[in-house]
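Novice: here is my input, please return the structure:
(one chain, ligands or ions: 1)
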Amino acid sequence: MSLFSVLLLLLLLSPPPPVITAAHDYADALTKSILFFEGQRSGRLPPDQRANWRGDSALSDGSSAGVDLQGGYYDAGDNVKFGFPMAFTTTMLAWSVIEFGEFMPSGELRNAAAAVRWATDYLLKTLALPDRVFIQVGDPTKDHNCWERPEDMDTERTVYGVSPERPGSDVAGETAAALSAAAMALRPIDGEYADELLRGSFRAFEFADKHRGAYSDDPDLKAGGCPFYCDFDGYQDELLWGAAWLRRASQNDTFLNYIQNNGKTLGADDNINEFGWDNKHAGLNVLVSKEFLDGKVFSLQSYKESADSFMCTLVPESSSSHIQYTKGGLIYKPGGSNMQHVTSIAFLLLTYANYLSKTSQYVNCGNILISPTSLRAQAKKQVDYILGDNPAKMSYMVGYGDRFPLRIHHRGSSLPSITSHPQFLACKDGSAYFNSPNPNPNLLIGAIVGGPGEDDVYDDDRADFRKSEPTTYINAPLVGVLAYFVANPDI
Ligand SMILES: *[C@@H]1O[C@H](CO)[C@@H](O)[C@H](O)[C@H]1NC(C)=O
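Specialist: Residues are numbered from 1 along each chain as shown. Now for the predicted structure:
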């Protein structure tokens, strides 16, 4: 036997080498997922700002309407402050802290609380006048026409607001949800502030319920919010969602009665299998199920049934029709910014698993019962895909791992920093940077991009905003999900 044959034989006899998937560094990813929010800050930056390539911006927001609307977050890669997705982002950041804050290292819990408060300080300002909720600052058409750093931004900072004549139960209801959730998240550190948030939440909800309507039904408001953040599915879900959060934060029966009495008329059991800045149904069902699962309110059973049927579409073991997955295993919904669905659904999987396991219950999928562990396994697959276990073998979080998106669709990240290039860059001066094949000069650490297409392919193309743009509502639910896996890496 030749040496070659011996080697070949040995090769054939020995077991295949184990597939080594490096465990992910969930703690590192968690830190970065929260740091991302500092890069999205609008207003006057505090001395402890860590994303130090950013500077103060939009300091006179609100002045055209005689109010102070400084602060808050830019939603994505532009410089507009859209209230509808900002409020939803806040709700999800706060919900992350409520459910999974116990798993965060104390420093990260502080950072997450600061990220929540950066939003709520602003949301409280939007409620400064009676019978008004300010829902947006910035003219999106003019803003999007420029590729400009937030620090240089000189396009019109139009202020949009809802009022009894121009109702917006969607934005006001989501603002109520955000403030109640934040009151719960922040109460352990600042009880007085939590009380203030809860009072704001009551007021926002009262306004939303009393003056019913969708903000994008008004022509002027529509011109501001659409087509970016139109209320496509109606305001009814935000009324229930706001009431559900008020119930959870205040334990006040008024809001329990509201959910019970209005569930039918407001379409609680429409059971739409979505959860995002526009559609709250799946999240509402999970949230309200908790009170049923805890054994307190039997009349809320229908919410558990709806939550179950949503979960059944996510686990392969069930015989229900399933939502779409890519070949590589990623949850996929057409329409761009797919990762928002991935992170919000992963959040619901973990949260519902926790509610169920606390009371030793299961998901009822008709033919089969699904365990909380199975839900967690689904969530983990999604997170691990984001962090690098995917066909493209890259992480979709900027700054995490060896390979990650370098040309994200983000003005501040792609233009030279105000610290290295203090000279003013006007609206169209940015085009050269937008069109440049070079990587972005400023790493927006922690940003998760819209993600690959249904073929699992990612081109890292700055112009392709559906894939390369980060948003605050992609990251917000992931903060809680990552915290869970920091403490429970093996599910
Ligand atoms: C519950 O909420 C209602 C409506 O906002 C309010 O009138 C009532 O005083 C609240 N009850 C308690 C116990 O706080």
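Novice: rest of the way, CA atoms for contacts and neighbours
Specialist: OK.
Novice: all strands for the chain, in order.
Specialist: 81-82, 133-137, 159-162, 363-364, 369-370 (DSSP state E).
Novice: the longest one: how far from the chain's middle?
Specialist: In this case it means strand 133-137. Computed by CA atoms, centre = their mean, to the nearest Å, the separation of strand 133-137 from the middle of its chain amounts to 19 Å.
Novice: neighbouring contacts of it?
Specialist: For strand 133-137, the surrounding residues in contact (CA atoms under 8 Å, 6 or more residues apart in numbering) are 61-62, 69, 80-84, 126-127, 157-163, 171-172, 204, 224-225.
Novice: that older thread, next, format the strands of the chain as TSV and append mean pLDDT, mean neighbour count and distance to Lys280.
Specialist: Formatted as TSV, the strands of the chain follow (pLDDT from 0 to 100; neighbours: other CA atoms under 10 Å; distance: least, CA to CA, whole Å):
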stretch	mean pLDDT	mean neighbour count	distance to Lys280
strand 81-82	98	25	17
strand 133-137	98	26	18
strand 159-162	97	22	21
strand 363-364	96	20	20
strand 369-370	96	18	23
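Novice: ends of stretch 146-165, what's the gap?
Specialist: 33 Å (CA to CA, to the nearest Å).
Novice: which parts of it are buried?
Specialist: For stretch 146-165, the neighbour count (16 or more other CA atoms under 10 Å) marks 146-153, 155, 157-163 as buried.
Novice: can you check stretch 251-268 too?
Specialist: Buried residues in stretch 251-268, counted by 16+ other CA under 10 Å: Phe255, Leu256, Ile259, Gly263, Leu266, Ala268.
Novice: quick one: mean pLDDT for that stretch?
Specialist: On average, the pLDDT along stretch 251-268 is 93.
Novice: contacting residues around that stretch?
Specialist: By CA under 8 Å, 6+ apart, stretch 251-268 touches 236-237, 239-240, 243-244, 246-247, 269, 281, 285, 299-300, 303.
Novice: kindly recompute the last result at 10 Å.
Specialist: Under the criterion CA atoms under 10 Å, 6 or more residues apart in numbering, residues 234-248, 269-270, 280-282, 284-285, 288, 291, 297, 299-300, 302-303, 306 lie in contact with stretch 251-268.
Novice: what subset of those is buried?
Specialist: Buried members of the contacts of stretch 251-268, counted by 16+ other CA under 10 Å: 234-248, 269, 280-282, 284-285, 288, 291, 300, 302-303, 306.
Novice: tell me how far the ends of stretch 443-457 are from each other?
Specialist: End residues of stretch 443-457 are separated by 22 Å (CA to CA).
Novice: can you pull the buried residues of it?
Specialist: So stretch 443-457, judged by 16+ other CA under 10 Å, has buried residues 443-454, 456.
Novice: any chance of the buried residues of stretch 251-268 in CSV, plus distance to Ala178?
Specialist: Output for these, formatted as CSV (distance: CA to CA, whole Å):
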residue, distance to Ala178
Phe255, 15
Leu256, 18
Ile259, 17
Gly263, 20
Leu266, 20
Ala268, 19
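Novice: out of those, list just those in helices.
Specialist: Phe255, Leu256, Ile259 (DSSP state H).
Novice: distance check, the first one against Phe298.
Specialist: Applying CA to CA, one obtains 16 Å for the distance of Phe255 from Phe298.
Novice: report the contact partners of the nearest residue to Leu482 once chain neighbours are set aside.
Specialist: Once flanking residues are discounted, Leu482 sits nearest to Leu30: 5.5 Å by CA to CA, 6 or more residues apart in numbering. Leu30 sits next to 104-105, 108, 112, 446, 478-486 when contact means CA under 10 Å, 6+ apart.
Novice: rerun at 8 Å
Specialist: Glu108, Val479, Leu482, Ala483, Val486 are the contacts of Leu30 under CA under 8 Å, 6+ apart.
Novice: ok, now Ser417?
Specialist: Neighbours of Ser417 in contact, by CA under 8 Å, 6+ apart: Trp53, Arg54, Pro441, Asn442.
Novice: repeat the analysis, applying 7 Å as the threshold.
Specialist: Applying CA atoms under 7 Å, 6 or more residues apart in numbering to Ser417 gives the contacts Trp53, Arg54, Asn442.
Novice: now the closest residue to Pro164 other than its chain neighbours: phi and psi?
Specialist: With CA to CA, 6+ apart as the criterion, Pro164 has its nearest non-adjacent residue at 5.5 Å, and that residue is His211. Backbone torsions of His211, given as degrees, to the nearest 10, read phi -120, psi 90.
Novice: thank you kindly, that will do.
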